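Enquirer: Okay, here's the prediction I keep looking at, along with the sequence it came from:
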Amino acid sequence: MTQPRPRMAVVLSGCGVFDGAEIHEAVLTMLAIARQGGEYQCFAPNVDQHHVVNHLTGTEMNETRNVLVESARIARGRVEDMKAYDPAHFDALVMPGGFGAAKNLSSFAFDGPGCTVDADVADAVRRTHAAGKPIGALCIAPVILAKVLGDGELTIGEDAQVASAIEAMGARHRKAGHGEVVVDEGLRIVTTPCYMLDATIDQIAQGADNAIRALLDLARRPARSAAE
């Protein structure tokens, strides 16, 4: 009997490193899922971006864009509203980075440890965690896990200021280099630095590949009970 392919939910935060999802991280995450025998469905909150940045000049533009609509550029139109996410239909959830994770999915870029997380994103993290299913986060996205779960060992690389903020939110930071992943077996979370380090695209591919491999490994193993 053929085993069903593992399914992953990929949470996007727009399109473009400075105001949305980091495109290399997002695409290479989806490629890693496909290459390792999985399937994915993209999700994004149906909200306006915090702001719009001209990626050629780095300056803010006087216009409004929607996170879900912009995420559709990366997902080739196959993206659903975050409200539609149901952990029962997936084996794992993963969040690529980019400033959108810290501006649109959360307010970490502005408020640090006192940030808020988009209600639908926070609900998705909580319900996935409650279901005992693994959660991955790349680049700056681990700050969302620190804020929502208030616990766990994770990494954003080596940035001392962000690491301090993560620990202020109740999690524990561990330094990691290119392609390395930090796996919290108890909370079933996987994190990797990606572009939080000065990285090349092949190093991003390695990090995404290793993170997805670790998530799939966790997904194949039953969650431990609180008594274990």
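Expert: The structure has been received and is ready for your questions. Numbers count the residues shown, from 1 in each chain.
Enquirer: elements contacting the longest helix along the chain?
Expert: The helix spanning the most residues in the chain, taking DSSP state H as the definition, is helix 201-220. In terms of contacts (3 or more Cβ pairs under 8 Å, 6 or more residues apart in numbering; DSSP states H and E), helix 201-220 is packed against helix 23-35, strand 92-95, strand 135-138, strand 189-192. Just so you know, the C-beta spots here come from the backbone N, C-alpha and C atoms, and that holds for glycine as well.
Enquirer: right, and those - which one's nearest D81?
Expert: Within those, the stretch nearest D81 is strand 92-95; the backing value is 15.1 Å (Cβ to Cβ).
Enquirer: For the closest one, which strands pair with it and how are they oriented?
Expert: Applying DSSP bridges, strand 92-95 is found paired with strand 7-11 (parallel), strand 135-138 (parallel).
Enquirer: what number of residues lie near the closest residue to H55 other than its chain neighbours?
Expert: In this structure, H55 finds its nearest non-sequential neighbour in G16, 5.3 Å apart by Cβ to Cβ, 6 or more residues apart in numbering. By the criterion of other Cβ atoms under 10 Å, G16 has 22 neighbours.
Enquirer: Number the chain from 6, please
Expert: Renumbered: residue one is now 6, and that last one reads G21.
Enquirer: before we move on, back to that, pick the most deeply packed of the helices and strands packed on helix 206-225.
Expert: Burial of the helices and strands packed on helix 206-225 is given as mean neighbour count (mean count of other Cβ atoms under 10 Å); strand 194-197 ranks first at a mean of 32.
Enquirer: who's in contact with the longest helix of the chain?
Expert: For helix 206-225, the surrounding residues in contact (Cβ atoms under 8 Å, 6 or more residues apart in numbering) are 11, 13, 29-30, 33-34, 36-38, 40-41, 43, 96-97, 99, 101, 138-139, 141, 143, 183-186, 188, 190, 193, 195-200, 202, 204.
Enquirer: Pretty sure G184 sits against A204.
Expert: No - applying Cβ atoms under 8 Å as the test, G184 and A204 come out as separate, 9.0 Å apart.
Enquirer: Nearest to G117, out of the helices and strands packed on helix 206-225?
Expert: Between G117 and these, the shortest separation by Cβ to Cβ is 17.2 Å, and it involves strand 140-143.
Enquirer: distance between stretch 36-44 and the chain's centre?
Expert: 16 Å (Cα atoms, centre = their mean, to the nearest Å).
Enquirer: quick one: contacts of it?
Expert: Outside stretch 36-44, the residues touching it (Cβ under 8 Å, 6+ apart) are 10-13, 15, 45, 96, 99, 210, 213-214, 216-218, 221.
Enquirer: Repeat the analysis, applying 10 Å as the threshold.
Expert: 8-13, 15, 35, 45, 95-97, 99, 210-218, 220-221, 224 (Cβ atoms under 10 Å, 6 or more residues apart in numbering).
Enquirer: still on that earlier bit, how about the longest helix of the chain: buried residues?
Expert: Buried positions in helix 206-225, judged by neighbour count with 16 or more other Cβ atoms under 10 Å: 208-217, 219-221, 223-224.
Enquirer: same thing with stretch 129-147?
Expert: Residues 129-130, 133-134, 138-147 are the ones in stretch 129-147 that count as buried (16+ other Cβ under 10 Å).
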